[in-house]
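K.L.:
build me a model:
(one chain, ligands or ions: 2)
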Amino acid sequence: MTREEISANKEAFLRLCRENIHREGLEELLSYLETTDFYTAPSSTAFHLNQEGGLCKHSMNVFYTAKAIYEGIAVPAEQSGEANYNEKISFESLAISTLFHDLCKTKLYKPTEKWKKNSEGRWDSYMGYEVQDEFPLGHGEKSCVIIGWFMRLRRDELLAIRWHMGMFDIGEQGSAQRFALRAALEKSPLVSVVHAADLLASNLLEKTIKH
Ligand SMILES: [Fe+2]
Ligand SMILES: [Fe+2]
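P.N.:
Ligands and ions are numbered 1, 2, ... in the order given. The predicted structure is shown next:
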């Protein structure tokens with residue numbers, strides 16, 4: 001991503017936050033983001049949007065994907081009475097739970113020199129990223145805690161952010177996490193929407209740079 005694209009994405013992200021979120025603590029959270037690498041960090045080391053500016057772009061992609069699911073599936077189901085849940089999804093909650101779902105990835109990826117063999121069998125170096133977790137608290141859990149330093153989250157937002165990876169973030173031992181994820185999905189439709197949007201945006205919209 002070019003410098004211009006990164007700064008245009010930052011402006012677009014701030015606009016989305018201020019247009020859709022009117023909760024106390026928003027400006028404090030946005031000021032905190034200025035002290036992190038949120039706008040320049042990649043979205044991953046080796047998968048979706050593994051490039052400078054990827055994290056901010058991914059956060060907006062998940063917002064727009066969730067908005068499409070909300071408008072195309074949830075709202076019609078709520079209006080027709082077919083919805084398999086009672087409390088309507090709040091659009092502000094959807095914005096908070098998508099735009100900030102991956103704050104756990106701030107201060108996480110450090111640029112580092114990596115090596116690969118070229119077609120002649122010689123080693124070439126390139127700039128990539130490695131994980132150095134300064135605050136190893138988990139994935140969705142960590143995002144919940146960081147947002148909570150500045151803004152009071154509703155229960156359904158906490159569940160949606162905590163479980164946005166769905167089955168991809170389930171421990172391999174025991175069944176407690178599986179039961180908890182199932183219960184979270186049943187408690188709030190926001191959990192399904194945010195997880196589906198994260199999965200769809202990452203897999204359908206976001207290119208991986210191959211070195
Ligand atoms: Fe994530
Ligand atoms: Fe994500």
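
K.L.:
do a quick rundown of the strands in this structure.
P.N.:
For the chain, strands defined by DSSP state E occupy the ranges 109-117, 123-131.

K.L.:
could you dump the ones you listed to a markdown table with distance to ligand 2 and mean pLDDT?
P.N.:
Yep, even glycine has a C-beta here, placed from its N, CA and C like the rest. Formatted as a markdown table, the strands of the chain follow (distance: least, Cβ to the ion, whole Å; pLDDT from 0 to 100):
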| stretch | distance to ligand 2 | mean pLDDT |
| --- | --- | --- |
| strand 109-117 | 13 | 92 |
| strand 123-131 | 15 | 92 |
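
K.L.:
out of those, the one nearest Lys187 is which?
P.N.:
Closest of the strands of the chain to Lys187 is strand 123-131, at 31.2 Å (criterion: Cβ to Cβ).

K.L.:
partner strands of that closest one, with direction?
P.N.:
Applying DSSP bridges, strand 123-131 is found paired with strand 109-117 (antiparallel).

K.L.:
buried residues in the partner strand?
P.N.:
Tyr109 (16 or more other Cβ atoms under 10 Å).

K.L.:
can you give me the helices in the chain?
P.N.:
3-20, 26-34, 54-69, 75-80, 91-99, 140-148, 155-162, 176-187, 189-200 (DSSP state H).

K.L.:
of those, which is nearest Glu134?
P.N.:
helix 140-148 (10.4 Å).

K.L.:
and that closest one with helix 189-200, angle?
P.N.:
Angle of helix 140-148 versus helix 189-200, following axes from the mean of the first three to the mean of the last three Cα atoms, to 10 degrees, is 110 degrees.

K.L.:
by contact count, what packs against helix 140-148?
P.N.:
In terms of contacts (3 or more Cβ pairs under 8 Å, 6 or more residues apart in numbering; DSSP states H and E), helix 140-148 is packed against helix 155-162.
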